[in-house]
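Student: Please work out how this folds:
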Amino acid sequence: MTESRPRGTSIAHIGIAVRALDELLPFYRDVLGLPDVPLDDADGASIAGLAAGESLVELLEAKTDDSPIARFVNKRGPGIHHICFAVDDLDATLEKCRTVGIRLIDETPRIGAEGKRIAFLHPSATGGVLIELSEY
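Tutor: Numbering: from 1, shown residues only. Model prediction:
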């Protein structure tokens, strides 16, 4: 049995809140040439995934008026919703966050759109940016 090497932290994806997927998907897919990556919908959002090198761009359209994406778009308009960093050990990273006083939205990991364990950090503790942490 071989032991896996730590990969280090990397950008897994950038979540972009949009009013309508069909309005922006052609730009990312057809103009920029980013290939589609099938993703399941999650957290009340329809998600279009696009490969951007080793990272993804997730276009997020609200499916319901009370979803997190709908609230974001209604308050701030379309734009970058969050940045997701992949980490080697999500539980250890969350513990480090707790130790230094980073406010967590998700106290314990949950399953995200890609079937991976995820947790969100509150933007008030991360310079105004909603951060999602995910395991590789």
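Student: in the protein, which spans are strands?
Tutor: Assigned by DSSP state E, the strands in the chain fall at 10-18, 36-37, 45-52, 55-62, 79-87, 110-111, 117-121, 131-135.
Student: For these, state which one has the densest average packing.
Tutor: strand 55-62 (a mean of 22; mean count of other C-beta atoms under 10 Å). Bear in mind the C-beta positions are built from the backbone N, C-alpha and C, glycine included.
Student: and that strand with strand 79-87, angle?
Tutor: Note on geometry: by axes from the mean of the first three to the mean of the last three C-alpha atoms, to 10 degrees, strand 55-62 and strand 79-87 are set 130 degrees apart in direction.
Student: Strand partners (parallel or antiparallel) of strand 55-62?
Tutor: When pairs are called by DSSP bridges, strand 55-62 turns out to pair with strand 10-18 (parallel), strand 45-52 (antiparallel).
Student: Ok, which of these comes nearest Pro123?
Tutor: Set against Pro123 and scored by C-beta to C-beta, the strands paired with strand 55-62 come closest in strand 10-18, at 12.8 Å.
Student: Other residues contacting that closest one?
Tutor: 24, 49, 54-62, 69, 72-73, 76, 78-86, 132, 134 (C-beta atoms under 8 Å, 6 or more residues apart in numbering).
Student: how far does it sit from the chain's center?
Tutor: Strand 10-18 has its C-alpha centroid displaced from the chain centroid by 5 Å (C-alpha atoms, centre = their mean, to the nearest Å).
Student: And stretch 21-41, by the same measure?
Tutor: The answer for stretch 21-41 is 16 Å, by C-alpha atoms, centre = their mean.
Student: low pLDDT regions in the protein?
Tutor: Within the chain, the stretches with pLDDT under 70 are 1-3.
Student: Need the residue closest to the centroid of it.
Tutor: The residue lying closest to the centre of the chain (C-alpha atoms, centre = their mean) is Cys84, at 4.4 Å.
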